[in-house]
Structures are given as C-alpha cells and as structure tokens.
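*Asks:* predicted structure and sequence below. I'll ask about it afterward.
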Amino acid sequence: MGLQTDVSRPVRPLSELLEALRDRGLRKGVTEPGPLPATASLPTGQPPLDAALGTGGWPRGALALLDAPLGVGATSLALGTLAACQAAGGVVAYLDPTQSLDPATASRLGVNPDWLLVVRPADAAEAVELAGWLAREGRIDALVLDLADGGLPRGLDRLADLLVRAGCVILLLAGAGREQAGRLASVRVALQRQAWLATGRDLVGQRVEATVTRQRWALAGGRAELDLFFAEGRRVDRLLREAAAPLEEQRVEQLPALRVVGA
C-alpha cells in the first residue's frame, strides 16, 4: 500500500521514501506535492468538527489525541483526516508499529494509497522517534501515530514541543495510556457513541458525539455530532448513507444474531 517499509525487503531510509513519494506525483503530472501552503489548520474531514475546534480544523503544530474507547471511531476519523489532507494536496503518513492498518479500509474511507507513506517501526518507542524525525523534515502535513495496542513510550512530551515549531499535525491513537496521553496532548477530542446508523436491520455506521476537551489554540468545550460510516464489505456502499437512520444502541441488542442457514 503506497510507500512503506517492509521487513522482507531491504530497508530504505525514510528520506528516500519521501523523495520517491514526491517523484511519483511529478511523474503522474500531479501538482508538485509537499507541505500545503502555510495555513493555520488542516481539515479534519468532518466540517462540524472543524467548527467545534474553533480553528477551522486541526491547528498546525498540534499533537491531537483522539480519545475514544475501542470501536468508537477514532481510527475512522483519523483516516478521514488523512483523506481530506490528501484532497487538499498535502502529504500524509501512518506510523503503524503493530501492523494494524488495513489498506482496504483506508482506501474505502477515501485515502489514496499512492500518496500515503506507511512506516512500520519495530516498537512504540521507535514510532515516537520516527514521528519526530518526520515532523522535523518538514515534508509531512499530517500523520497518524497508532499506539492503540499498547502503552505509551517515553518521548511524547518532547514530541509535543517539537510539533509546535514544525507545523505538522500528529493524530495520536492511544489505548491503555489514553489518560497520560491526554495530559501531554495539545488538542484532545473525546468521542462517545450516541447511536448506531442502520438501513433496516443492517448497521452501516455510528453517530458519535465529539467533544473538544483540550485546545491550546482556542477555547475548549466545542461539540460536534459526527456520522462515521463503516468501510467493510457491502457497508461501504455510498447509497446506504442517504438511507441511514439513527438506531438507538439499546435496540441493537434486540437484533437477531447472525445465523448460518446453508451454503
């Protein structure tokens, strides 16, 4: 998927991969990639959240924690941001130490794999180190730092300070260390599921309330209602979005379990 490190192949320096990403765009006749013009913020991919943040999107220089329990849309929101940033002409990356990124899901959520730099560090500590290197290089607009499957390594505090000077946006996915990450992040957005989205009995997504609980560049407290759609199999059908209606969470438990009735 896109440009990525692969342990089965000779490891290439990240600087070479970034240059290859740039060259790929030029050969396709695409406008020369590189950092977006010096705007104050990057789009989240969700206009209501752009407004709730009070800065028109993720403020440049932010270490932004997507604070959500497992399955409440943090990864979907992060991938949506990468897609929106790509659509605006930016260069994006995904640091994936646990190899949890699903290329098909990312693509269905709008990410262009030809413009995505995927890096698979050996562990979380190396992921934080590489995130700092990419930010200092100044050629990445937004990247996802996926630490959702483990604890937080040291160095996040230094990374937060570095970003303010570098102008890159890092979206942090954290698992067991969410509370600690929240104290270090300059922007913190809490996600809470309000309802499932369904067409008939088929669940196609979820309605999530996003609350800005920390915002270094504006007043915190903004709220937004987001509709995040699934990207697996038939659920990706965009026509379903128009027909989707909220389904209260307690009603989901009443739906019949999946049964295999024959081949």
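*Replies:* Now that the structure is in, tell me what you want to look at.

*Asks:* report pLDDT for the most centrally placed residue in the chain.
*Replies:* A centroid search over the chain (C-alpha atoms, centre = their mean) returns residue 78, at 1.6 Å, as the residue closest to the centre. For residue 78, the pLDDT comes out at 97.

*Asks:* number the chain from 55, please
*Replies:* Got it, the first residue is 55 from now on, which makes the last one we talked about residue 132.

*Asks:* next one: phi and psi at it?
*Replies:* Phi and psi for residue 132, reported as degrees, to the nearest 10, are phi -60, psi -40.

*Asks:* ditto for residue 113
*Replies:* Dihedral angles (degrees, to the nearest 10) for residue 113: phi -70, psi 140.

*Asks:* OK, contacts around it?
*Replies:* Shown in contact with residue 113 (C-beta atoms under 8 Å, 6 or more residues apart in numbering): 94, 95, 107, 223, 240, 241, 269, 270, 271, 272. Yep, even glycine has a C-beta here, placed from its N, CA and C like the rest.

*Asks:* mind redoing it with 7 Å?
*Replies:* By C-beta atoms under 7 Å, 6 or more residues apart in numbering, the contact list for residue 113 reads 94, 95, 241, 271.

*Asks:* ok, it to residue 107 distance?
*Replies:* 7 Å (C-beta to C-beta, to the nearest Å).

*Asks:* where do the helices sit along the stretch 55-204 of the chain?
*Replies:* For the stretch 55-204 of the chain, applying DSSP state H, counting those that start in this stretch gives helices covering 68-81, 101-107, 128-141, 157-162, 178-191.

*Asks:* check contacts around residue 242.
*Replies:* Residue 242 neighbours (C-beta under 7 Å, 6+ apart): 119, 121, 236, 267, 268.

*Asks:* so what's it bridging to?
*Replies:* With DSSP bridges as the criterion, residue 242 is bridged to residue 119, residue 268.

*Asks:* cool, residue 281 as well?
*Replies:* Under DSSP bridges, the beta-bridge partners of residue 281 are residue 261.

*Asks:* so, low pLDDT: which residues of this protein?
*Replies:* For the chain, the stretches with pLDDT under 70 are 55-69, 72-93, 286-298, 301-317.

*Asks:* change it to 80
*Replies:* Within the chain, the segments meeting pLDDT under 80 span 55-93, 204-205, 253-256, 285-317.

*Asks:* the closest residue to residue 208 other than its chain neighbours and residue 163, how far apart?
*Replies:* With sequence-adjacent residues excluded and distances taken as C-beta to C-beta, 6 or more residues apart in numbering, residue 208 is closest to residue 179, at 7.0 Å. Note on residue 179: its distance to residue 163, by C-beta to C-beta, is 28 Å.

*Asks:* ok, these two, which is more surrounded?
*Replies:* Legend: neighbour count by other C-beta atoms under 10 Å for residue 179 and residue 163, higher for residue 163 (22 against 14).
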